[in-house]
Each structure stands twice: as structure tokens, then as C-alpha cells.
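# my questions are about this predicted structure, shown below with the sequence.
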Amino acid sequence: MVTSSLDFDVMLLAPLALVISVAALWLLQLVFIETDKRMLAKLRHHHESLARFTNFTGILFQTLCHALGYTVTRSGIAHFQVTVNYGKVSPKRMKTGVFEWTSTSFLFLGPFFVPAGLMLVYSSFLLTNGFAFPTAVQYTFVETITNFGMTLSTFAQSVARFLASIDLLNPVHVFFLLVLLFFGMGIRPSYIGEERKEKVDLLYDLKNVTTHFTKKPMYILVFFAGVYVLFYVSLALKNNWFVALFSVLGWLSVIGIIALLLAFLLLVLVWASDGIASGWRLLPFLALPISYGASRTFFFYIPCDNVLGWSLLVMLLSTVVITIVLIKYKTNKFKTVGTMKHTRVADGKKRASKK
């Protein structure tokens, strides 16, 4: 409901509400990325192939987004190269000004939104009642944040309900889960360069994005001018265009955060299995399909409500219990001894440095 007098809250603060909200979600996404990278760093010594795969995936997403930037600006693509440690795109026609700035924006921000956009399109065929916009047209700062929060909450709950009742015997569902894990594992590269001298972390991303935007302050003013114009047009026409646009950006961040959470759970399972003796190390991973297949067979003969949800719960609990039991009784003694030696050497170096 539009107020009779367009006060300061409506005219100036409300348009900024969703910009701040989307920026906050992006920062939260960076925090989850950093958490996954720290867990991956613990695994790199024993799982070099996994580290290289995630780094390649991150560089692939980054390079594809840069290529998309050149395509959008109609610069063309003359050269495209992706390796485990390197990615480069060269345009056919080097453009400057706003075209160069736009293509660089795709390089820095694209990996956070472009792959998530593909996942969002895919999820639209699987999710029910997740893509809903508020019908009431309200424009104050608090009301705009409330409407935005409602759309995010509805979407997040829809994704959570789908994952909590996903059918792992359905190839379409399994493919969605695998792609979501693939996206979460490689949303950003773990390092750049063969010798890993340049670390890609939260501060690295923030520095690149901040430098990119502060170099062209006029473009920032144009962006905010466009935000206010869209808001005032929505206000005049009494529709939800403004909230709808930023809600889609919010959904992209939610998809990214969920993918990162799933990837983190997978990395935790890999890390936990490292503490198990080599002859038993694969059992936690085998427990996933075996326990799920057994529970689906059991519920086939003894039907109950929410068979898919109960089957997933049995699978997860069985895997957790088996992993804990194996860690307790089938510990990797070589890893434990190696860790103790490493700790003693580190302690000795610390004492020597103090002397």
C-alpha cells in the first residue's frame, strides 16, 4: 500500500533495502566458500586429485563467465584456454570503457551468479511453490525488506523440502543433486598457479571486486540511478517489478549457499574417512547407497507415509554411525603416528625459535 505522502523512508531508503540485502547474501556466500576452502586445505595432502579437480572446476566457471562477458559485449572470443591451474580468454576485438568494465564484472562476479542461474532454471522444473512473489505492493524500507524476506524464505523452504524428500532412484533428481554438488565444489578456485603462491580467499575476492568498482565511480552512480529509476517506475505503476528482480538475485545466492553446504558435508565425510584404516575407508561411502537401497526395499514391503524422507534419514544415520564406529575401532594408525611426529617436530621448532 503506497502512502499518501512520499516521505524520506519511501523515496530514499526503500530502494537501498534490497541492494543491501543482496550484498549481504553475497558476503554470506563468500563466508561459506571460505569455510569449504579451509576444509579442502585439510584434505589436500591426502587428496591431491580432489584439490586439483575443485580448482579446475573453479577456474572453468571463472573462465566461462569471462567468455560470457565478452559475448554479451559483442567482443567475440579469439582464444579460450582452461587447465587445472590456469584459465584465459582473449577477445577478437578489444573494447574499452563500459564494455571492458562489463566483461571484467562477469569475470569477478559471474561465478557467484551465472552457474547458480543455470541451477535455478533446472530447479524450476522440480520445485513446487518456490517461485512466489508477494502480491501486496508496499514500498517502505521495512515493508520492502519483509517482502524480500518472504520470497527468500518461500524459495529456501521449497528447496529444503525437495532435498529432504529427494528420490535417489530418480535419474533426474540424482542428476540435480550431482550438479548441485559439482557447483558447490567448484564455485571458486582453491588456488591459482602451479606453485600456489597466489591464494584465492575471501579477502582476495573482496579486494578484486572493490578495486573493480572503485576504479569506475561513475558506473556505480549509473547503477544506483538505474535502481532508483526502476523503483520509481514500480512505484508509479503499483507493481512488484522492483522486488521481483532482486528476489531472483537473492534466489541465486540461496542456491549457491545450499550447494556450498552440501559440498561441505561431502568434504567432512572425506575428512572423517581419512582417519579409518585403508581396508575399511570406503565403507562409509558404500553405506550411502546400500543403506538407502535397503530402506527403500523395506518400505516397499512395509509402506508408510513419507517413504523418501525416511529412507534419506536412515541413509544418513547409518552412514554417520558406521563412520563413528570405524573411526573408534579401525583407526588409521599410520596417519595417527605421522600426525604425532608432525606435531612433535612443530613443537620442537617452536621451542628452538623461542631459545
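That came in fine, so what should we check first?

# now the strands: where do they sit in this structure?
Ranges of strands within the chain are 79-82, 87-90, 191-192, 198-199, based on DSSP state E.

# most tightly surrounded among these?
strand 191-192 (a mean of 21; mean count of other CB atoms under 10 Å). (Each C-beta comes from the backbone N, C-alpha and C, glycine too.)

# before we move on, back to that, out of the strands of the chain, which gets nearest to Thr323?
strand 191-192 (28.5 Å; CB to CB).

# what mean pLDDT does the closest one get?
Strand 191-192 comes out with an average pLDDT of 68.

# what's the answer for stretch 155-164, then?
For stretch 155-164, mean pLDDT is 91.

# make JSON lines from the strands of the chain and add distance to Leu180 to it.
Shown next, in JSON lines, are the strands of the chain (distance: least, CB to CB, whole Å):
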{"stretch": "strand 79-82", "distance to Leu180": "22"}
{"stretch": "strand 87-90", "distance to Leu180": "23"}
{"stretch": "strand 191-192", "distance to Leu180": "23"}
{"stretch": "strand 198-199", "distance to Leu180": "26"}
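
# worst mean pLDDT among the ones you listed?
strand 198-199 (a mean of 61).

# so which of the strands of the chain gets nearest Trp310?
strand 191-192 (41.4 Å).

# which stretches of the protein have low pLDDT?
Residue ranges of the chain with pLDDT under 70: 1-11, 134-141, 192-200, 332-355.

# now for the helix ranked longest in it, which elements pack on it?
If you go by DSSP state H, the chain has its longest helix at helix 241-273. Judged by 3 or more CB pairs under 8 Å, 6 or more residues apart in numbering; DSSP states H and E, the packing partners of helix 241-273 are helix 14-43, helix 98-123, helix 141-164, helix 171-185, helix 217-237, helix 283-301, helix 307-329.

# show me how far the longest one is from its chain's centre.
Right, the one you point to is helix 14-43. 8 Å (CA atoms, centre = their mean, to the nearest Å).

# quick one: buried residues of that helix?
14-15, 17-18, 21-22, 25-26, 29-30, 32-37, 39-40, 43 (16 or more other CB atoms under 10 Å).

# ditto for the fourth one
Under the neighbour-count criterion of 16+ other CB under 10 Å, helix 171-185 has 173, 176, 180, 182-185 buried.

# hang on, Ser90 packs against Ser75?
No: the pair Ser90 / Ser75 is not scored as a contact, 9.6 Å apart, by CB atoms under 8 Å.

# re the thing from before, to Ser247, which of the helices and strands packed on helix 241-273 lies closest?
helix 141-164 (4.1 Å).

# sorry, back to before: and Cys65, which of the strands of the chain is closest to it?
Taking the strands of the chain one by one with CB to CB, strand 87-90 is closest: 9.4 Å.
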